[in-house]
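Chemist: Need the 3D shape of this:
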Amino acid sequence: MLALIDHKWDLRPLYILGTGFCIIFLNLGWQQPGDLSAYSIFNEGFKEFPKTLPADCLDRDIRTSQFWSP
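Modeler: Numbers count the residues shown, from 1 in each chain. This next block holds a predicted model:
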């Protein structure tokens, strides 16, 4: 029965997209209290993971570096 409906309306792309979205949303999970998000903007106080390279540190290192000579 479903094969006839699929053949008549060609629902394969819709099935593939729907399955992909279901897989993504079912694997999102929930954040436990105290867990850090990979994106610091979502963390309390904008805390970052240890040993990350934030943009402001990278910018400071480039601007004060001796590698760039005017």
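Chemist: Can you give me the neighbour number for G29?
Modeler: 6 (other Cβ atoms under 10 Å). Heads up, the C-betas are built off the backbone N, CA and C, glycines and all.
Chemist: Would you state the strands of the chain in chain order?
Modeler: With strands called from DSSP state E, the chain shows none.
Chemist: Lowest mean pLDDT among the helices and strands of it, which one is it?
Modeler: helix 2-9 (a mean of 70; mean pLDDT, DSSP states H and E).
Chemist: what's the single longest helix in this structure?
Modeler: Counting by DSSP state H, the longest helix found in the chain is helix 12-26.
Chemist: What is the burial count for the residue nearest to P54 when sequence neighbours are not counted?
Modeler: Nearest residue to P54 in three dimensions, chain neighbours excluded: E48, at 6.0 Å (Cβ to Cβ, 6 or more residues apart in numbering). By other Cβ under 10 Å, the residues close to E48 number 14.
Chemist: go on, R12?
Modeler: Neighbour count of R12, defined by other Cβ under 10 Å: 10.
Chemist: again with P13
Modeler: P13: 8 neighbours (other Cβ under 10 Å).
Chemist: Using CSV, write out the CA atom coordinates for the longest helix of the chain.
Modeler: In CSV, the C-alpha atoms belonging to helix 12-26 read as follows (Å, rounded to 0.1, in the frame of the first residue of the first chain):
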residue,chain,number,x,y,z
ARG,A,12,11.4,9.4,-1.5
PRO,A,13,13.0,12.9,-1.1
LEU,A,14,10.5,13.9,1.6
TYR,A,15,11.1,10.6,3.4
ILE,A,16,14.9,11.1,3.3
LEU,A,17,14.7,14.7,4.5
GLY,A,18,12.2,13.8,7.2
THR,A,19,14.3,10.9,8.4
GLY,A,20,17.4,13.1,8.5
PHE,A,21,15.6,15.8,10.6
CYS,A,22,14.3,13.1,13.0
ILE,A,23,17.7,11.7,13.5
ILE,A,24,19.2,15.2,14.3
PHE,A,25,16.4,16.2,16.7
LEU,A,26,16.3,12.9,18.5
